[in-house]
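>>> Everything below, folded, please.
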Amino acid sequence: MASTGFLPSTIADTVTLSEMQYENNDYDYLWEPFFEALDYDVGSFETGGYPDVQTIEEAVGDRTVAFIADELEDWYDTLDDEHESANRAFLQSLLEATALPDLELYTIVSVLRKGSKVHNILDREDAVEVNMSSKVSKRDVLLHRLIDDVDSERAREIVNGYVDAYETSDYVEVEPSLREDMRETYPLHPELIEALESRYYENEDSQNTRGMIYLFSTLLLELRDETDLITHGNVDAERFEDELSKINFERPSACISDIKNRVGDEVEYGRRILNTILPKIQALMPRPQRATQGAKRPSSVNESNALVRTSEREAF
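Model prediction:
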């Protein structure tokens with residue numbers, strides 16, 4: 001058994017798993033981790049040679065085998081012409097072997113970009129394609145990767161304090177589901193996640209989930225000792241300029257200019273208000289009827305004070 005990282009133990013006991021990831025791999029050929037996991041000596045090949053379908057069948061035998069290659073095109077794009085030709089031929093043979101009805105071989109390949117060389121090879125009539133961006137909640141992935149444990153009782157207390165402040169304000173339209181949404185995404189405000197998510201996912205070809213995880217991991221590390229809930233106002237345009245500029249270069253620069261030249265330290269909560277508005281502008285959200293909490297335009301800076309509520313309590 002090469003690895004059990006991708007399979008539950010009940011399956012791992014009966015399946016031979018071979019996996020390949022772009023990072024930390026020194027393989028020149030795609031078949032190296034495959035036959036290595038099967039403990040099968042495939043021998044060597046002359047220039048351009050590769051293991052064919054029959055060789056793959058013999059190596060698998062009567063076992064159940066799963067071969068998983070993660071983000072294969074990143075590795076594939078580094079190959080020179082000679083290695084690319086051999087790997088392309090093997091991948092085609094591997095897919096043909098996978099399609100054989102009597103062979104318990106399963107090939108699972110993840111790709112980031114449609115139209116890449118690897119994607120075109122995988123685009124076969126008998127292949128099953130799943131767009132994970134549409135199947136998996138980005139919010140769930142974000143919280144799963146970044147939030148290990150939350151004190152639910154303290155989180156409930158903090159969230160109730162925020163929502164109570166929203167409900168007593170004249171400037172925020174509170175949706176019925178907001179309280180529960182905030183508890184589920186704590187310590188991140190759900191409206192902040194939504195605003196930045198819509199901006200990251202405008203470009204389907206970008207590594208958008210990674211970008212979101214990196215940004216929010218930075219926010220958590222930087223702000224966990226400063227606030228009890230990470231909202232729009234905490235994402236300071238100047239402090240997090242590098243991260244925000246990866247989404248949109250011009251908007252953070254304009255916001256920073258306004259902070260320095262118009263509000264400074266003289267306008268109470270002026271900096272937080274500008275920071276609150278920035279993710280909304282960044283996202284260019286097409287649903288103006290859904291007001292971002294704390295981002296509706298007050299008639300004066302002082303009237304927005306009730307919306308800018310922080311606490312020293314920490315629940316994560």
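
>>> how near is Asn160 to Asp26?
53 Å (Cβ to Cβ, to the nearest Å). C-betas here are computed from N, CA, C, even on glycine.

>>> Pull the number of nearby residues for the residue nearest to Asp52 when sequence neighbours are not counted.
In space, and not counting its chain neighbours, Asp52 is closest to Ser93: 5.4 Å by Cβ to Cβ, 6 or more residues apart in numbering. Using other Cβ atoms under 10 Å, the number of residues around Ser93 comes to 18.

>>> could you pull out the strands for the protein?
16-21, 65-70, 105-109 (DSSP state E).

>>> Let me have those strands in TSV, extended by mean neighbour count and distance to Glu191.
Shown next, in TSV, are the strands of the chain (neighbours: other Cβ atoms under 10 Å; distance: least, Cβ to Cβ, whole Å):
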stretch	mean neighbour count	distance to Glu191
strand 16-21	19	34
strand 65-70	22	32
strand 105-109	18	35
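
>>> Among the ones you listed, show the one with the smallest mean pLDDT.
Among those, strand 16-21 carries the lowest mean pLDDT, a mean of 65.

>>> Turn the strands of the chain into a markdown table, including distance to Ile256.
Below are the strands of the chain laid out as a markdown table (distance: least, Cβ to Cβ, whole Å):
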| stretch | distance to Ile256 |
| --- | --- |
| strand 16-21 | 38 |
| strand 65-70 | 37 |
| strand 105-109 | 42 |
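
>>> Looking at these, spot the one closest to Tyr166.
Of all the strands of the chain, the one in closest proximity to Tyr166, counting by Cβ to Cβ, is strand 65-70 (41.7 Å).

>>> Leu146 contacts Tyr214, doesn't it?
No. With contact defined as Cβ atoms under 8 Å, Leu146 does not reach Tyr214; the gap is 10.2 Å.

>>> out of those two, which sits in the busier spot?
Between Leu146 and Tyr214, Leu146 has the larger neighbour count (other Cβ under 10 Å), namely 16 against 13.

>>> Tell me which of Asn160 and Asp26 has more neighbours.
Taking neighbours as other Cβ under 10 Å, Asn160 and Asp26 compare with Asn160 leading, 13 against 5.

>>> And the closest residue to that one other than its chain neighbours, how close does it get to Glu194?
What sits nearest to Asn160 in space, not counting adjacent residues and going by Cβ to Cβ, 6+ apart, is Arg179, at 7.2 Å. As for Arg179, its distance to Glu194 is 16 Å (criterion: Cβ to Cβ).

>>> Return the set of buried residues in stretch 220-229.
For stretch 220-229, burial by neighbour count (16 or more other Cβ atoms under 10 Å) applies to 222-223, 227-229.

>>> how close does the closest residue to Met182 other than its chain neighbours get to Asp151?
Of all residues not flanking Met182 in the chain, Val159 sits nearest, at 4.5 Å (Cβ to Cβ, 6+ apart). Between Val159 and Asp151 the distance is 12 Å, computed by Cβ to Cβ.

>>> Which one's more surrounded, these two?
Neighbours were counted for Val159 and for Asp151 using other Cβ under 10 Å; Val159 has more, 24 against 13.

>>> any idea how far Ile259 is from that one?
From Val159 over to Ile259 (counting by Cβ to Cβ), the distance is 28 Å.

>>> ditto for Arg271
5 Å.

>>> coming back round to it: specify which member of the buried residues of stretch 220-229 is nearest to Glu46.
For those, the minimum distance to Glu46 (Cβ to Cβ) is 55.1 Å, reached by Glu222.

>>> who touches the closest one in this structure?
By Cβ atoms under 8 Å, 6 or more residues apart in numbering, the residues touching Glu222 are 239-240.

>>> Can you list the residue ranges for helices in the stretch 1-150 of the chain?
For the stretch 1-150 of the chain, applying DSSP state H, counting those that start in this stretch gives helices covering 9-12, 31-37, 53-60, 72-76, 81-98, 117-122, 132-135, 138-146.

>>> Save the ones you listed as CSV, and put in mean pLDDT too.
Below are the helices of the stretch 1-150 of the chain laid out as CSV (pLDDT from 0 to 100):
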stretch, mean pLDDT
helix 9-12, 43
helix 31-37, 92
helix 53-60, 96
helix 72-76, 84
helix 81-98, 92
helix 117-122, 81
helix 132-135, 66
helix 138-146, 87
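
>>> Output those in TSV, with distance to Asp265 appended to each entry.
Converted to TSV, the helices of the stretch 1-150 of the chain look like this (distance: least, Cβ to Cβ, whole Å):
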stretch	distance to Asp265
helix 9-12	57
helix 31-37	57
helix 53-60	68
helix 72-76	46
helix 81-98	58
helix 117-122	52
helix 132-135	42
helix 138-146	32
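
>>> which one of those lies closest to Gly233?
helix 138-146 (19.6 Å).

>>> Against which helices or strands is the closest one packed?
helix 178-185, helix 190-200, helix 208-223 (3 or more Cβ pairs under 8 Å, 6 or more residues apart in numbering; DSSP states H and E).
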